[in-house]
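S.K.: got a predicted model here, sequence first, then my questions.
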Amino acid sequence: MSATVEVEQRRFPRVAFRRPVRFRPDEEALFSSYLAKDISQGGLRFNSGNFIPVGEPVKLQIKLGQEDRVLDVHGKVVWVKYIPTFDVYQMGVEFEGDASYTQWNIARYVFNAM
């Protein structure tokens, strides 16, 4: 009898994160609000009504908790999947840059949510 073992390939643990996130491609001026699905220190997954291509640089505004300030995060879209049942695009954004305060806050949030 052989068993298949799946190995997690993510660098950071991911936790559920069901909160609105403000998002926009870098070249656009206006933010749209979308519901996030999960978050890690390295990125975020959310649903969007608009297609954003892989590799597109983006800016996000994330509020981790009621008392927390809004975190401005730069990233890029690393995958996109169309969900026809709901007519939405699910996408993953990888955080970029060296924003130590932001990374520390997200890591703390993830650790506390585990």
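M.R.: Okay, I see it. Numbering: from 1, shown residues only.

S.K.: contacts only, for the residue most central in space within the chain.
M.R.: In the chain, the centroid-proximal residue (CA atoms, centre = their mean) is Leu44; its distance is 1.3 Å. Listed by CB atoms under 8 Å, 6 or more residues apart in numbering, the contact set of Leu44 reads Phe17, Val21, Ala36, Asp38, Leu60, Ile62, Gly75, Gly92, Val93, Phe95. From N, CA and C alone the C-beta is placed, and that goes for glycine too.

S.K.: that one and Glu28, how far apart?
M.R.: 18 Å (CB to CB, to the nearest Å).

S.K.: remind me, longest strand of the protein?
M.R.: Longest strand in the chain by number of residues (criterion: DSSP state E): strand 71-83.

S.K.: adjacent strands (with direction) for the following helix or strand past that one?
M.R.: Heading C-terminal from strand 71-83, the first helix or strand you meet, by DSSP states H and E, is strand 88-96. Using DSSP bridges, the strands paired with strand 88-96 are strand 43-48 (antiparallel), strand 71-83 (antiparallel).

S.K.: count the neighbours of Asp26 for me.
M.R.: 11 (other CB atoms under 10 Å).

S.K.: offset the numbering so it begins at 884, please.
M.R.: New numbering, starting at 884: the last item is Asp909.

S.K.: which other helices and strands contact the helix or strand of the chain with the lowest mean pLDDT?
M.R.: One helix or strand of the chain scores below all others by mean pLDDT, DSSP states H and E: helix 983-996, with a mean of 84. Helices and strands touching helix 983-996, by 3 or more CB pairs under 8 Å, 6 or more residues apart in numbering; DSSP states H and E, are strand 897-899, strand 915-923, strand 954-966, strand 971-979.

S.K.: if we use 7 Å, what do you get?
M.R.: Counting contacts by 3 or more CB pairs under 7 Å, 6 or more residues apart in numbering; DSSP states H and E, helix 983-996 is packed against strand 915-923, strand 954-966.

S.K.: any buried residues in the longest one, and which?
M.R.: Within strand 954-966, the residues that qualify as buried are Leu954, Val956, Gly958, Lys959, Val960, counting by 16 or more other CB atoms under 10 Å.
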